[in-house]
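Undergrad: Take a look and give me a structure for this.
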Amino acid sequence: MQLNTTIDIPADAKVLVVDDEPANIALLTRLLQREGFGRITATVDPRDAVDMFRNLQPDIVLLDLMMPHIDGFQLLEAFSRLIGPRSFVPILVLTADVSVTTRRRALSLGAKDFLVKPLDAVETVLRIVNLLETRFLFLELQRLTGDAAISPTSKGAGVS
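TA: Predicted coordinates:
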């Protein structure tokens, strides 16, 4: 088998952004588009996030924690159930909460990285690209070994 060396991370990556502040979504979208990302899906309503995750099957999720109706912690739990133990979809938490308790809780629920708002544009893009590189290497390893993970859409998890 041959290694796939034609992956263009920004162009190939499906990004899901969940943040209740339209200004934050606009900022992240502009930042990602400037770096060549074109497959960005976003919502300001966290109640839509689980269905969007199932339908999009994103390569990365950018997730705010403090939102109305359903907070980011509940979404982390739901996404983790959908992702399952044999797959890897990185979730990058973006929040203004700087407490150690919040950081530890998010990481224990499945977040793969954590950034504090206000965001540094360069650091944000670097972390997103690093997480996506790991995601695409994981997918390539699965392809080479024939070890297909359970699809995120094949599990029935929801948020109530």
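Undergrad: residue closest to the middle of this structure?
TA: The residue lying closest to the centre of the chain (C-alpha atoms, centre = their mean) is Val61, at 1.5 Å.
Undergrad: what residues does the helix or strand encompassing that residue touch?
TA: For Val61, the enclosing helix or strand under DSSP states H and E is strand 60-63. Applying C-beta atoms under 8 Å, 6 or more residues apart in numbering, the external contacts of strand 60-63 come out as 13-19, 28, 53, 72, 75-76, 79, 89-94, 111, 128, 131-132, 135. In short, each C-beta sits where N, CA and C put it, glycine included.
Undergrad: Just the ones in strands from these, please.
TA: Lys14, Val15, Leu16, Val17, Val18, Ile91, Leu92, Val93, Leu94 (DSSP state E).
Undergrad: Now do the contacts for the fifth one.
TA: Taking C-beta under 8 Å, 6+ apart as the contact definition, Val18 lies against Ala42, Thr43, Pro46, Ala49, Met52, Val61, Leu62, Leu63, Asp64, Met67, Gly72, Leu75.
Undergrad: now swap in the first one and tell me
TA: With contact taken as C-beta under 8 Å, 6+ apart, Lys14 is in contact with Arg39, Thr41, Leu56, Gln57, Pro58, Asp59, Ile60.
Undergrad: Just the buried ones among the residues you listed, please.
TA: Leu56, Pro58, Asp59, Ile60 (16 or more other C-beta atoms under 10 Å).
Undergrad: Adding distance to Thr101 and pLDDT, write these out as JSON lines.
TA: Output for these, formatted as JSON lines (distance: C-beta to C-beta, whole Å; pLDDT from 0 to 100):
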{"residue": "Leu56", "distance to Thr101": "31", "pLDDT": "98"}
{"residue": "Pro58", "distance to Thr101": "27", "pLDDT": "98"}
{"residue": "Asp59", "distance to Thr101": "29", "pLDDT": "98"}
{"residue": "Ile60", "distance to Thr101": "25", "pLDDT": "98"}
